[in-house]
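Undergrad: got a sequence here, can you build the structure:
(one chain, ligands or ions: 1)
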Amino acid sequence: MSRHKTLHFPQLFLVLATLLFMLTGVHAQTRPNVMILATGGTIAGTGASSTTTVGYTAATVGVQQLIAAVPELAKVANVKGEQVFQIASESMTNEHWLTLGKRVNTLLAQADVDGIVITHGTDTLEETAYFLDLVVKSRKPVVLVGAMRPSTALSADGPLNLYNAVLVAGSRDAAGKGVLVALNDQIHTARDVTKTNTSTPDSFRTPELGLVGYIQGGKAFFYRASTRKHTFDTEFDIANIAALPQVDIVYGYANMNTVALDAFVAAGAKGIIHAGVGDGSLAARVKPALIAARKKGTLIVRASRVGQGILARNGEANDDELDFIAADTLNPQKARILLMLALTKTSNTAEIQRMFYTY
Ligand SMILES: NC(=O)CC[C@H](N)C(=O)O
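TA: Numbering: from 1, shown residues only. Below you'll find the predicted structure:
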């Protein structure tokens, strides 16, 4: 005798209802919860006309308007917005970073937040990204995004960049990869990405070390990850930090003098990033001032203005003897961030050099 029973109406109804629920209700529930923290920049900028791509005003459009401009977001994530700041990113300060970092950590500790997108001006986007890469205590994705054209421009890049960033922040594959930067359909690591062009949409690049992924057809694809420690795996904790130590950058060039260096040291700089020419070479008339500053207690990190390559420790200067630190592959603006955070833990140069080879 057959064990099969005919499905009667109430059972059939239940099966159909369950199927319908799975196709609609459950789908909505499984969409990731992505928080968009808006800070300003060109992505929130407006110009006088649709052909204005320079000379516009940054940081005028609010986060709800940014979200409303991309209704497609609702299909890929449960998106909420929060206006953290409304500034052009050249005005970003250490205080803004501490506020933002603490807010990100608070949100990521919540079970109902799966990932965070931060909209940001592009000028210092790489710096904020690297700061967060060192202080965010979570494996959940954090993605920085900006735009090179204001929201009012023809072919504005902000809306698609935002959509892509939300996709990355909601992607399981992005978890544990550190803070990411997504613009122009590409995904980069915070540590290695840099702005390379004053105005074109392909400005964000990771020269030599390479991007880590692409966004295409509504999906993030990853091909590599950084070997450097980040986020959940760093020794830095800003929870109880109200201010960061003063660290400044002196730029190297032919005919360089010590005016800026002396002024920074006199103003109480705890550390100086020497953005030297070439492999971080020290001009004959600047070197004695750096040595004197170190003797007085200021930490000196040798970095390069070149933009690519390893800064060789004990190469252009005897760092062991002078008690200087080599920046490894960090550009000067990122070396400044690591030195500030390092100084919250120690002023031991060997320890700080270890950090520069770790993060
Ligand atoms: N493309 C941009 O976002 C640059 C605008 C502005 N200078 C900023 O960084 O916020």
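
Undergrad: where does the residue nearest the centre of the chain land in three-state SS?
TA: In the chain, the centroid-proximal residue (C-alpha atoms, centre = their mean) is Ala129; its distance is 1.5 Å. Following DSSP: H, G, I helix; E, B strand; the rest coil, Ala129 is assigned to helix.

Undergrad: wait, it touches Val193, no?
TA: Yes. In this structure, Ala129 is within contact of Val193 by C-beta atoms under 8 Å, at 7.0 Å. All C-beta atoms are positioned from the backbone trio N, CA, C, and that covers glycine.

Undergrad: list residues touching both of these two?
TA: Listed contacts common to Ala129 and Val193 are Val181; contacts here mean C-beta atoms under 8 Å, 6 or more residues apart in numbering.

Undergrad: how many residues are close by the closest residue to Tyr223 other than its chain neighbours?
TA: Excluding the flanking residues, the one nearest Tyr223 by C-beta to C-beta, 6 or more residues apart in numbering is Gly213, at 5.8 Å. By the criterion of other C-beta atoms under 10 Å, Gly213 has 23 neighbours.

Undergrad: so where does the closest residue to the ligand within the stretch 251-359 of the chain fall, helix or strand?
TA: Using C-beta to the nearest ligand atom, the single residue of the stretch 251-359 of the chain nearest to the ligand is Gln333, 13.1 Å away. In the assignment (DSSP states H and E), Gln333 maps to helix 332-343.

Undergrad: for that helix, packing partners?
TA: helix 125-135, strand 247-251, strand 271-276, strand 299-304, helix 349-356 (3 or more C-beta pairs under 8 Å, 6 or more residues apart in numbering; DSSP states H and E).

Undergrad: next, the angle from that helix to helix 125-135.
TA: Calculated by axes from the mean of the first three to the mean of the last three C-alpha atoms, to 10 degrees, helix 332-343 forms an angle of 20 degrees with helix 125-135.

Undergrad: got the angle between helix 332-343 and strand 271-276?
TA: Using the same axes, to 10 degrees: helix 332-343 against strand 271-276 is 150 degrees.

Undergrad: contact partners of helix 332-343?
TA: 94, 124, 126-127, 130-131, 134-135, 191, 236, 244-245, 247-249, 251, 270-271, 273, 275, 299, 301, 303-305, 325, 327, 330, 351-352, 355-356, 359.

Undergrad: from these, which are also near the ligand?
TA: Among the contacts of helix 332-343, no residue is within reach of the ligand (C-beta under 6 Å from any ligand atom).

Undergrad: list buried members of those by neighbour count.
TA: 94, 124, 126-127, 130-131, 134-135, 191, 236, 244-245, 247-249, 270-271, 273, 275, 299, 301, 303-305, 325, 327, 330, 352, 355-356, 359 (16 or more other C-beta atoms under 10 Å).

Undergrad: per-residue confidence at the residue nearest to Asp202 when sequence neighbours are not counted?
TA: Excluding the flanking residues, the one nearest Asp202 by C-beta to C-beta, 6+ apart is Asn184, at 5.3 Å. Per-residue pLDDT puts Asn184 at 98.

Undergrad: for the residue in the chain positioned nearest to the ligand, what are its contacts?
TA: Closest approach between the chain and the ligand, counting by C-beta to the nearest ligand atom: Gly121, at 1.7 Å. Going by C-beta under 8 Å, 6+ apart, Gly121 touches 39-43, 58-59, 87-90, 92, 146.
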